[in-house]
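# what's the 3D shape of this:
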Amino acid sequence: MVQIIANNRNRMDDMRMRAVMDHKQAEMMAFALNDPSKMPSVEEAYPFIKTVTKSVAEPEWKQDQLLLMQQSQKIKTARKFKKTT
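Here you go, the predicted structure:
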């Protein structure tokens, strides 16, 4: 499953690279014909080029767990320091 995801990601990266190169070539051709105003942007020409970022919010219990672990570590350190003095 991981390999399939990696292969799909590589394929999409290749498609993005080709899209950018195609767009640059078309942009140069438009400049050569002296009409670049009608040239669509890369995102308009290739809608898949936009990378979708998935924002994964950390669950509240994870934040609570992290806070609890930090507090317990402070208590352990204080107890250890108390025993040594």
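# C-alpha only now, for contacts and for neighbours.
OK.
# Can you pull the domain assignment for this protein?
According to automatic domain parsing, the chain is divided into the following domains: 1-54, 58-85.
# burial count for residue 19?
A count of nearby residues for residue 19, using other CA atoms under 10 Å, gives 19.
# Residue 80 too?
11.
# host element of it?
helix 60-84 (DSSP states H and E).
# For that helix, which outside residues touch it?
By CA atoms under 8 Å, 6 or more residues apart in numbering, no residue outside helix 60-84 reaches it.
# Would you mind listing the buried residues in the helix or strand of the chain with the lowest mean pLDDT?
Lowest on mean pLDDT, DSSP states H and E among the helices and strands of the chain sits helix 42-45, with a mean of 74. Neighbour-count burial for helix 42-45 flags residue 42 (criterion: 16 or more other CA atoms under 10 Å).
# Please save the CA atoms from that helix in PDB.
Only the C-alpha atoms of helix 42-45 are listed here, as PDB (Å, rounded to 0.1, in the frame of the first residue of the first chain):
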ATOM      1  CA  VAL A  42      -0.500  27.500 -14.900                       C
ATOM      2  CA  GLU A  43      -3.200  26.800 -12.300                       C
ATOM      3  CA  GLU A  44      -6.000  27.600 -14.800                       C
ATOM      4  CA  ALA A  45      -4.400  25.500 -17.500                       C
END
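# Run through the neighbouring helices and strands of the longest helix that the chain contains.
Counting residues, the longest helix found in the chain (DSSP state H) is helix 2-32. For helix 2-32, the packing partners by 3 or more CA pairs under 8 Å, 6 or more residues apart in numbering; DSSP states H and E come out as helix 42-45.
# And the helix it packs on, what does it pack against?
helix 2-32.
# So residue 39 is in contact with residue 29, correct?
No: with contacts counted by CA atoms under 8 Å, residue 39 stays clear of residue 29, the gap being 9.9 Å.
# For residue 72, grab the count of nearby residues.
By other CA under 10 Å, neighbour count at residue 72 equals 12.
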